[in-house]
Structures are given as C-alpha cells and as structure tokens.
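> the amino acid sequence is not available; the structure is as follows:
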C-alpha cells in the first residue's frame, strides 16, 4: 500500500519531482519554458499536492541510466594525490585571483591587505576530504567561490567588517568539506556559488538532452 502523499517527506518528494521533470525535458516531452516554470515551483513550494501536480501529466519516469548519470554528475568526491599540505597566498595593495583547474592543498592561508583577492574553487581538484581556508582580510574586498556540490562551514569573525554568504547547496556526507575561518578587519568577504541550484538542474537537463541527441 502506497504511503499517503501528505505523509511523505517533503524533500524526498521534491527530489523525485525534479528528477522526473529533468527526465521528461531531456527526452523532449516538455518545452524549456514549461520545464523552468515547473522547476521554479518545485524548488519553492512546500505543499505536497502542489509538487505532485507538476508531474502528474508526465509519462516518463526515472530509469537506472538516469540515476547513474545523475550520481556521476552531482557527486563531488576527493581523489587522494600528491598535493602540498599547506599553501599561502599574500595579497598587499594588489589584485590576486586563484582559479581554474588546480589542486587544493589541505590548508590554504590567505592574507589580504588593501587589495582584492578571489579564490575560485569551482574547477579545483580536491585531494583531501577536508580543506581549510584561513583568512586574514584587512581593508580588502575578497571573494571565495565554492562548488555547489561540496559542504561549506563558515567560521569567520568581523571587526568593523562584513562576511556575506550566499549558499543554497545541501549537505552531503560523502562530499569534500571546505572550512572557511579567520577574521575580517575593516574588510568585506563574500562566500558564494557561481551557479544557483536551479541553474545546476538546468545544466544537467541540457547535458542529458545533448547525450540523447
């Protein structure tokens, strides 16, 4: 006997609805406009019936191939390798950006004084399950971009400064963890993702659609 709809965990139902939306869009069953409209509702609503309605007219259901592709795409894993344990980035009266494809050390010490520093981890390779970023930002404007499939722990303190966090990812015990800690003195530090969860799903749907064509 099936569990009553309203008794089901809302996050589990939301995940299933989004998966079915992606499945049907990637197979050409609904338009991009309909997919994005229903995806917005699925991401924002906490009503069981509203979620269920988004897929009630869709015939395609998730199969094993979809599940395997999704796991490969969304699951962030660290790959043990020969990477330095500690690295330091010093930025004084200048602009400094670290990004692209690079191996992240176990500990990254960042000192920024009267400058602008960007640490971009979105394409970085994680060789440790836990990465620590130690910040000392003084009279600076710094930004840290984190991937949308890693865990992030923020432990910063501010002295006449500010830390702006824009994260909407979910915790995954198997994913790498980035711990950001330190102090902002008369400085501004932002921790954010380059793409939203919605964009993440759209990108995956487009990836599947390309694979099927």
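Sure, I can see it. These figures come from a predicted structure and were not determined experimentally. Numbers count the residues shown, from 1 in each chain.

> from now on I want contacts and neighbour counts done on CA atoms only, so please keep to that.
OK.

> who does the one helix or strand in the chain whose mean pLDDT sits lowest touch, helix- and strand-wise?
Across the helices and strands of the chain, mean confidence by mean pLDDT, DSSP states H and E is lowest for strand 162-166: a mean of 76. Counting contacts by 3 or more Cα pairs under 8 Å, 6 or more residues apart in numbering; DSSP states H and E, strand 162-166 is packed against strand 188-192.

> got the angle for the strand it packs on vs strand 162-166?
Angle between the axes of strand 188-192 and strand 162-166 is 10 degrees (criterion: axes from the mean of the first three to the mean of the last three Cα atoms, to 10 degrees).

> strand 188-192 packs against which elements?
Strand 188-192 packs on strand 141-145, strand 162-166, going by 3+ Cα pairs under 8 Å, 6+ apart.

> that strand: what's the following helix or strand?
Next helix or strand after strand 188-192 toward the C-terminus (DSSP states H and E): helix 197-212.

> which parts of that next one count as buried, going by neighbours?
If you call a residue buried by 16 or more other Cα atoms under 10 Å, then helix 197-212 has these buried ones: 197, 201-202, 204-205, 208-209.

> dump those residues to JSON lines, plus distance to residue 53.
Below are these laid out as JSON lines (distance: Cα to Cα, whole Å):
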{"residue": "197", "distance to residue 53": "21"}
{"residue": "201", "distance to residue 53": "19"}
{"residue": "202", "distance to residue 53": "20"}
{"residue": "204", "distance to residue 53": "22"}
{"residue": "205", "distance to residue 53": "20"}
{"residue": "208", "distance to residue 53": "23"}
{"residue": "209", "distance to residue 53": "23"}
